[in-house]
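J.: Sequence unavailable; structure follows:
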């Protein structure tokens, strides 16, 4: 399977850290980029609304044509209430592990 390394990296390696958060749902930020997850629905960093594979502490989706990241698979794992680790997989290669944080409310 072409994304086995990404799956291993996100779903097994990071499984060693206990997940204390309730669910991956919510708004996540990294620099100026953000995404929103609500159950199996996601609004991608490029603003597309999609359905992905949701499992309370994990999320996976394939960016479709028209998305800025078209053809890229995204694997996410909730690490704690404030942190999601994300790996992008494209062309049989995994990108670096990215740390995303819960977006802070703007007052």
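T.: Now that the structure is in, tell me what you want to look at. Here the structure is a predicted model, which means the values were calculated and not measured.

J.: First-to-last residue distance for stretch 45-64?
T.: Using Cα to Cα, to the nearest Å, the end-to-end distance of stretch 45-64 comes out at 13 Å.

J.: my guess is residue 97 meets residue 84, correct?
T.: No - Residue 97 is beyond contact range of residue 84, at 10.7 Å (criterion: Cβ atoms under 8 Å). C-beta: built from backbone N, CA, C; applies to glycine.

J.: The two: which is more packed in?
T.: residue 84 (25 against 16; other Cβ atoms under 10 Å).

J.: Per-residue pLDDT of the closest residue to that one other than its chain neighbours, please?
T.: In space, and not counting its chain neighbours, residue 84 is closest to residue 100: 4.5 Å by Cβ to Cβ, 6 or more residues apart in numbering. The model reports residue 100 with a pLDDT of 98.

J.: partners of the helix or strand encompassing residue 100 in the sheet?
T.: Here residue 100 sits within strand 98-102, counting by DSSP states H and E. Partners of strand 98-102 in the sheet, by DSSP bridges, are strand 26-30 (antiparallel), strand 83-90 (antiparallel).

J.: okay, and the helix or strand of this protein with the least pLDDT?
T.: Across the helices and strands of the chain, mean pLDDT, DSSP states H and E gives its lowest value to helix 4-7, namely a mean of 46.

J.: so where is the protein shaky, pLDDT-wise?
T.: By pLDDT under 70, the weakly predicted segments of the chain are 1-21, 106-107.

J.: hey, where'd the strands end up in the chain?
T.: Counting by DSSP state E, the chain has strands at residues 26-30, 33-38, 41-43, 49-51, 53-55, 58-62, 73-80, 83-90, 93-94, 98-102.
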